[in-house]
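Participant: Sequence and predicted structure below; questions after.
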Amino acid sequence: MQAWKDYQDQNKDRFLEELLDLLRIPSVSADSKYKNDVARCADAVKEHLLKAGCDAAEVCTTAGHPIVYGEKIVDPSLPTVLVYGHYDVQPADPIDLWTSGPFEPVIKDGKIYARGACDDKGQMFMHIKALEVMAKTNTLPCNVKIMIEGEEEVGSSNLGKFLEDNKEKLKADIVLVSDTSMISMEHPSIESGLRGLAYMEVEVTGPNRDLHSGVYGGAVANPINILCKMIASMHDENNHITIPGFYDKVADLTETERKALNNAPFELDEYQEELGIKEVWGEKGYTTLERTGTRPTLDVNGIWGGYTGEGAKTVLPSKAFAKISMRLVPHQTSDEISNMFAKHFESIAPANVQVKVTAHHGGEPVVTPTDSHAYKAAEKAIRTTFGKDPIPTRGGGSIPIVALFEKTLGLKTVLLGFGLDNDNIHSPNEKYDVANYYKGIETIPYFHKFFAEKE
């Protein structure tokens, strides 16, 4: 619609500056020293919702970080879209690998560099600005409810209770999420599925104190050595996970589904060059696209123990630790896989060490229907603004709330993301293209328009 385009064009500089201001707030949910900043960010999101045209907006307290809620009800008889996003961000570590301050956003070569630029402040903020575009031009075709949480990066542990306690407030017809990516601006895509997650921490203890490695080395088990062997044993020579029963409920793709997935544009040489690797790695018998979207994984996310400071210290450590995540696919469940992992890890520990396994957070895998009215509305929106049909893809990441929405509210979700796989989310130098940000604001109103139309 011309009114949408004119309003965005007239306000695009302000839209960008407001996002940069939001990115300057270090809303790191995992680190308690940023608690006040997280709260400050929640307040800022509330104010933006009100300025965008929400009838009401509030900061809702939880046992952890707050949830921001706002709504614009134009007619109760019209369809209602519930938008979900998160304002919390990952820690910026390692700081020394950033080329600019993680909370000092800069624009270089048309890209915004800052922690949270893509995940998820940039993408979440598109919805607030899209609402403003529709509200200020009096063209909102449906009701919009927006829920922005502050604990997504730490497992959304308080979101389930919030959903249970606010079912009537959150009543809607569909959930719309932009916390995913597309193949490229030349090849727009819509993710039709996400992997689940089981996140564990393990502790291996040997002697009751750190020991001199010369006096005791070779006679007492080194927990770091033992931990490394235990982790290494969890993959076989075909990179197949060795935990008994791990694959029992994995839903394999049909040959038709595999063919469709692998028809997506993908250049292996470019993929390897962009990552600075000579060859890819993974489960034998599957392509890279299959490995990252449809197969379960087990990866070490962090490992530590002993002396890691400057210089040398000849120590045989008392303890070693690792954080391990497993990405899950239908029909695996996070609780079952977490228990399976714990049982296996304890069973392979040698008698000369003790082990402790702690489950952190998890989420369930989801597959969204591609033949629904909502999905077709997203397809039509992409087609309208990009001039081409989007490609359905499977996302390798996890958004636990998607399964929770269906379980608690009975709502399906459309994953309308505008990020790119190389946006360095969770890594130093996270970025988000300004063009993608603007394209999202342009496209989202069309989703609302087409979803509001009768099937």
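Facilitator: Arrived safely, thanks for sending.

Participant: Okay, helices next: where are they in the stretch 201-350 of the chain?
Facilitator: 213-216, 223-232, 255-262, 268-275, 288-293, 334-347 (DSSP state H, counting those that start in this stretch).

Participant: ok, now the stretch 351-455 of the chain?
Facilitator: So, for the stretch 351-455 of the chain - with DSSP H, counting those that start in this stretch - the helices run 373-386, 400-404, 434-452.

Participant: nearest to A322, of the ones you listed?
Facilitator: Closest to A322 of those, according to Cβ to Cβ: helix 400-404, at 21.9 Å. Backbone N, C-alpha and C define where each C-beta goes, glycine included.

Participant: residues making contact with that closest one?
Facilitator: Identification of contacts with helix 400-404 by Cβ atoms under 8 Å, 6 or more residues apart in numbering yields 84, 149, 152, 155-156, 159-160, 163, 175, 177, 194, 196-197, 361-366, 368, 413, 415.

Participant: now it: mean pLDDT?
Facilitator: Averaged over helix 400-404, pLDDT sits at 88.

Participant: Just give me how far it sits from the chain centre.
Facilitator: 11 Å (Cα atoms, centre = their mean, to the nearest Å).

Participant: Then stretch 423-439?
Facilitator: So, by Cα atoms, centre = their mean, the centroid of stretch 423-439 is 13 Å from its chain's centroid.

Participant: pLDDT of that stretch, averaged?
Facilitator: Rounded mean pLDDT across stretch 423-439 is 97.

Participant: Let me see the residues that make contact with it.
Facilitator: Residues contacting stretch 423-439 (Cβ under 8 Å, 6+ apart): 8, 12, 15-16, 19, 90, 92, 94-95, 97-100, 102, 107, 110-119, 122-123, 125-126, 181, 185, 385-386, 418-420.

Participant: gap between D179 and R258?
Facilitator: In this view, D179 and R258 are 26 Å apart by Cβ to Cβ, to the nearest Å.

Participant: So these two - more neighbours on which side?
Facilitator: The neighbour count for D179 versus R258, taken as other Cβ atoms under 10 Å, is higher for D179 (25 against 16).

Participant: List the contacts of H48.
Facilitator: 18, 22, 125, 128.

Participant: got it, and I391?
Facilitator: I391 touches 183, 187-190, 264-265, counting by Cβ under 8 Å, 6+ apart.

Participant: okay if I get the helices of the stretch 201-350 of the chain as TSV plus distance to V38 and mean pLDDT?
Facilitator: Below are the helices of the stretch 201-350 of the chain laid out as TSV (distance: least, Cβ to Cβ, whole Å; pLDDT from 0 to 100):
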stretch	distance to V38	mean pLDDT
helix 213-216	42	96
helix 223-232	33	98
helix 255-262	38	89
helix 268-275	32	95
helix 288-293	31	94
helix 334-347	25	98
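
Participant: just to revisit the earlier point, dump the contacts of H48 to JSON lines, plus neighbour count, distance to L404 and secondary structure.
Facilitator: Below are those laid out as JSON lines (neighbours: other Cβ atoms under 10 Å; distance: Cβ to Cβ, whole Å; DSSP: H, G, I helix; E, B strand; the rest coil):
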{"residue": "E18", "neighbour count": "18", "distance to L404": "30", "secondary structure": "helix"}
{"residue": "L22", "neighbour count": "22", "distance to L404": "25", "secondary structure": "helix"}
{"residue": "F125", "neighbour count": "27", "distance to L404": "23", "secondary structure": "helix"}
{"residue": "I128", "neighbour count": "27", "distance to L404": "22", "secondary structure": "helix"}
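
Participant: from those residues, which is closest to G218?
Facilitator: Of the contacts of H48, the one sitting nearest to G218 (Cβ to Cβ) turns out to be L22, at 55.7 Å.

Participant: Leaving aside the residues adjacent along the chain, what's closest to that closest one?
Facilitator: K121 (5.4 Å; Cβ to Cβ, 6 or more residues apart in numbering).

Participant: Contacts for stretch 98-113 next, please.
Facilitator: Against stretch 98-113 from outside (Cβ under 8 Å, 6+ apart): 19-20, 23-26, 92, 95, 114-115, 117, 122, 428-435, 437.

Participant: Could you pick out which of these are located in strands?
Facilitator: Within the contacts of stretch 98-113, residues falling in strands by DSSP state E are 431-433.

Participant: nearest to K72, of those residues?
Facilitator: Y432 (25.3 Å).

Participant: How many residues are close by that closest one?
Facilitator: 30.

Participant: Roughly how far does it sit from W4?
Facilitator: Applying Cβ to Cβ to Y432 and W4 gives a distance of 21 Å.

Participant: Please apply the same query to G206.
Facilitator: Distance from G206 to W4, by Cβ to Cβ: 64 Å.

Participant: More neighbours: which of those two?
Facilitator: G206 (25 against 20).

Participant: which residues touch the closest residue to the more buried one other than its chain neighbours?
Facilitator: Nearest residue to G206, sequence neighbours excluded (Cβ to Cβ, 6+ apart): P223, at 4.3 Å. By Cβ under 8 Å, 6+ apart, the residues touching P223 are 204-206, 305, 317-320, 353.

Participant: Please produce a PyMOL select command covering the buried subset of the residues you listed.
Facilitator: A single PyMOL command suffices to select whichever of the contacts of P223 are buried according to 16 or more other Cβ atoms under 10 Å:
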select buried, resi 204+205+206+305+317+318+319+320+353
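
Participant: Let's see which of the contacts of P223 end up in strands.
Facilitator: Using DSSP E, the members of these that fall within strands are 204-205, 305, 319-320.

Participant: nearest to D31, of those?
Facilitator: G305 (21.7 Å).

Participant: okay if I get the contacts of H48 as a markdown table plus distance to I337 and pLDDT?
Facilitator: A markdown table is the format used below for the contacts of H48 (distance: Cβ to Cβ, whole Å; pLDDT from 0 to 100):
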| residue | distance to I337 | pLDDT |
| --- | --- | --- |
| E18 | 41 | 98 |
| L22 | 36 | 98 |
| F125 | 34 | 98 |
| I128 | 36 | 98 |
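
Participant: My read is that M124 contacts H86, right?
Facilitator: Yes: M124 lies in contact with H86 (Cβ atoms under 8 Å); the separation is 6.6 Å.

Participant: for the stretch 151-300 of the chain, what are the low-confidence residue spans?
Facilitator: Regions of the stretch 151-300 of the chain meeting the criterion pLDDT under 70 are absent.

Participant: List the buried residues for the host helix or strand of W4?
Facilitator: W4 is part of helix 2-23 when elements are defined by DSSP states H and E. Residues 4, 7-8, 11-12, 15-16, 18-20, 22-23 are the ones in helix 2-23 that count as buried (16+ other Cβ under 10 Å).

Participant: any idea of the mean pLDDT in stretch 52-72?
Facilitator: Stretch 52-72 comes out at a mean pLDDT of 98.
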